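What shape does this take:
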Amino acid sequence: MISHTGQVLSRAVTFQFALDPNVKQKILLAKCAGARRFTLNHHLARVKANLDARSAEREVLTASGESGELSTPPLSWSGFSFINEFNAWKNGASEDSLVNEDGTRGLAWRHELPNDVFECASVDAARALENFSASRRGERSGTPVGFPRFQAKGKVTPSFRLRNRATPDRPPTSQPIRFSDPSHLRLPKFGPVKVFGPTRKVRRMIESGRFHVYSATLTQRAGRWTVSLTGVAAQLHQAERSRTTRHVVPVGVDRGILSLCVAADANGVPFESFEGVTTLKQAQAKLKAANQALARTTPGSKGRQRARARLAKQHRTVANTRRHLVHQASKALVNRAQVLVIEDLNVAGMVRNRLLARSISDAAMGELSRQILYKARWHGVEVRVADRFFPSSKTCSGCGEVRNDLDLSTRTYSCGTCGLTIDRDLNAAINLARWQPNEPSTVTPLGPRRVPLLSTA
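Down below sits the predicted model:
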């Protein structure tokens, strides 16, 4: 993909900003989030009714011993068919379209909102049903996925997506989603919306053709609206991807609870160490007080709304602090190392331990590995993933002896064979750095991520 300045765009990037909308914009944001829920539920209801009707007919044919085709035709679950069906329904062109009090057909309020809200919601419904169908056929890895749930107000996160209907070769000033000035982001139907934080880096990337916005996802969490600008960017500068200034010896990264991660190279030299993430533990007193205040309120009252907002704000602070610390650790590791070795931890299985679930969730082990993997591709760093059953903590980094009696409470590794005494996490990091894969692994630059259907026009 080529930008208007000739830059090759191939790196998937997302920038997130907090918004400060005015009163009219807040009302429109809430309407758009409600329209997305409405559209999703519309498609799910049609599909569910169709599946139930076909299932009932199939049971009748089976009971009677007859064979033949079902009288109810199946529905197409593609995003394009959903978009075409809903556009015809909301515009009054379908037989089952709504009839308003004044005699008009279709949704009376459809022109108040951007059309992208309805179309992107239709695409999301199609993808959810596609995952359900693939899981039912056994073609989807991971946890089985059931039929998508209907979305109810107050029980789902308000969110919707707007597409940037412009190709990368068009100048930024002619694109629907753009920065009108350093502190305002222009969105279709919304106009300029005030943005918190510095936008200089993103604006320069857009102006120089090094970043093209595919879509803007607006989400409300804990009473605050945020926008995520998703698109493709040019590869980082060669100086950022150079391997000559990086640590040549492979570096092992051991993730834990007391320490976020401990890194050491294959020679046994400590590389980096980051303190454990304890934001949730530190906020327990405030969260307890906020939960107790919420429990004392009357359901449906204004005081309950304020209490819920205070509790959500506490959780938002915990999540943002944890995310910031993990970003710092992953960036430091990727910037300094040439080869990183991490463990393939079963974090989902570890969380099932009710005694350690809270601490493991607060440690953000899965998030750290996710950030290391995608940042390593940006910077050209090789990442090796050690086997899940590799005994990195139980193996002596001095002689290779394995201690099977090592439990989680033992924080210092003592080898009875060679007499080595070393910190448990540092010992595991050294063993990880020395781990060799069966086949050489390489990390190539990130290609363009799968983007929403009809992302450009």
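
Just the pLDDT for K153.
The model reports K153 with a pLDDT of 89.

I'd like to know how far it sits from N41.
K153 sits at a distance of 11 Å from N41 (criterion: CB to CB, to the nearest Å). From N, CA and C alone the C-beta is placed, and that goes for glycine too.

before we move on, what about D405?
Here the criterion is CB to CB. By it, D405 lies 56 Å from N41.

More neighbours: those two, which one.
N41 (17 against 6; other CB atoms under 10 Å).

Please, where are all the helices along the stretch 301-450 of the chain?
302-336, 347-350, 357-363, 365-379, 424-434 (DSSP state H, counting those that start in this stretch).

Minimum distance to L107: which of the ones you listed has it?
Nearest to L107, of all the helices of the stretch 301-450 of the chain, is helix 302-336, at 28.5 Å by CB to CB.

Could you list every helix and strand in contact with the closest one?
strand 251-255, strand 259-265, strand 270-275, helix 279-282, helix 284-295, helix 365-379 (3 or more CB pairs under 8 Å, 6 or more residues apart in numbering; DSSP states H and E).

Can you report how many residues neighbour R370?
R370 has 13 nearby residues by other CB under 10 Å.

and it, what is it in contact with?
Contact analysis of R370 by CB atoms under 8 Å, 6 or more residues apart in numbering lists nothing.

Least confident secondary structure element in the protein?
Every helix and strand in the chain was compared by mean pLDDT, DSSP states H and E; the lowest is helix 238-241, with a mean of 78.

What distance do you get for G209 to Q7?
From G209 over to Q7 (counting by CB to CB), the distance is 5 Å.

which neighbours do these two share?
Joint contacts of G209 and Q7 (CB under 8 Å, 6+ apart) are A234.

how many other residues sit next to the closest residue to A309 other than its chain neighbours?
What sits nearest to A309 in space, not counting adjacent residues and going by CB to CB, 6 or more residues apart in numbering, is G223, at 5.0 Å. By other CB under 10 Å, 12 other residues sit near G223.

Quick check, G223 in contact with A312.
Yes. Taking CB atoms under 8 Å as the definition, G223 is a contact partner of A312 at 6.5 Å.

Most tightly packed of the helices of the stretch 301-450 of the chain?
helix 424-434 (a mean of 26; mean count of other CB atoms under 10 Å).

Contact partners for R149?
Applying CB under 8 Å, 6+ apart, no residues contact R149.

Same question for the one 10 residues further on.
Contacts for S159 (CB under 8 Å, 6+ apart) come out as 33, 36, 217-220.

just curious, which of those residues is nearest to R204?
T217 (22.2 Å).

Relative to P114, how far out is that closest one?
13 Å.

joint contacts of those two?
Common contact partners of T217 and P114 (CB under 8 Å, 6+ apart): L162.

who's more crowded, those two?
P114 (20 against 17).

number of nearby residues for R203?
R203: 16 neighbours (other CB under 10 Å).

that's a helix at it, yeah?
Yes. Under DSSP: H, G, I helix; E, B strand; the rest coil, R203 falls within a helix.

per the record, what domains does the chain have?
Following automatic domain parsing, one gets these domains for the chain: 9-26+156-238, 36-137, 239-434.

could I get those as CSV with distance to S3?
Formatted as CSV, those follow (distance: least, CB to CB, whole Å):
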stretch, distance to S3
domain 9-26+156-238, 3
domain 36-137, 22
domain 239-434, 18
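
right, so of those, which gets closest to F147?
Per CB to CB, nearest to F147 of those: domain 36-137, 5.5 Å.

now the end-to-end length of the closest one.
28 Å (CA to CA, to the nearest Å).

what about that domain, distance to the chain center?
27 Å (CA atoms, centre = their mean, to the nearest Å).

got the CA positions of stretch 238-257 in CSV?
Below are the C-alpha coordinates for stretch 238-257, written out as CSV (Å, rounded to 0.1, in the frame of the first residue of the first chain):
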residue,chain,number,x,y,z
GLN,A,238,16.6,1.7,9.8
ALA,A,239,18.4,3.1,12.9
GLU,A,240,15.5,1.7,15.0
ARG,A,241,15.8,-1.7,13.3
SER,A,242,19.6,-1.9,13.4
ARG,A,243,21.0,-4.9,15.1
THR,A,244,24.6,-3.6,15.4
THR,A,245,23.9,-1.6,18.6
ARG,A,246,21.9,-4.4,20.3
HIS,A,247,23.0,-7.0,22.8
VAL,A,248,24.3,-9.9,20.7
VAL,A,249,24.0,-12.7,23.3
PRO,A,250,20.5,-14.2,23.5
VAL,A,251,18.5,-12.8,26.5
GLY,A,252,16.0,-14.9,28.4
VAL,A,253,12.9,-13.2,30.0
ASP,A,254,11.3,-14.9,33.0
ARG,A,255,7.9,-13.5,33.9
GLY,A,256,6.7,-13.7,37.5
ILE,A,257,4.5,-12.2,40.2
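
Remind me what the biggest helix by length in the chain packs against, helices and strands.
Secondary structure of the chain per DSSP state H: the longest helix is helix 23-64. Counting contacts by 3+ CB pairs under 8 Å, 6+ apart, helix 23-64 is packed against helix 79-90, helix 115-137, strand 159-163, strand 211-221.

Show me what counts as buried in stretch 232-249.
Using 16 or more other CB atoms under 10 Å as the test for burial, stretch 232-249 gives 232-235, 246-247.

outside of that stretch, which residues touch it?
By CB under 8 Å, 6+ apart, stretch 232-249 touches 1, 3, 7-13, 168, 205, 209-212, 214, 265-267, 269, 271, 336-339, 378-381, 433, 445, 448-449.

Can you tell me which of the residues you listed are buried?
For the contacts of stretch 232-249, buried by 16+ other CB under 10 Å: 3, 7, 9, 11-13, 168, 205, 209-212, 214, 265-266, 271, 336-339, 378-381, 433.

Looks like H212 contacts M1 (just checking).
Yes. Assessed by CB under 8 Å, H212 is found in contact with M1 at 7.3 Å.

any residues in contact with both of these two?
9, 168, 232.

part of a strand, is the last one?
Spelled out, that is V232. Yes. With three-state DSSP as the criterion, V232 is part of a strand.

how about the nearest residue to it, chain neighbours excluded?
L9 (4.1 Å).

In JSON lines, list the helices and strands packed on helix 23-64 along with mean pLDDT and distance to K48.
Formatted as JSON lines, the helices and strands packed on helix 23-64 follow (pLDDT from 0 to 100; distance: least, CB to CB, whole Å):
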{"stretch": "helix 79-90", "mean pLDDT": "95", "distance to K48": "14"}
{"stretch": "helix 115-137", "mean pLDDT": "94", "distance to K48": "10"}
{"stretch": "strand 159-163", "mean pLDDT": "96", "distance to K48": "22"}
{"stretch": "strand 211-221", "mean pLDDT": "95", "distance to K48": "26"}
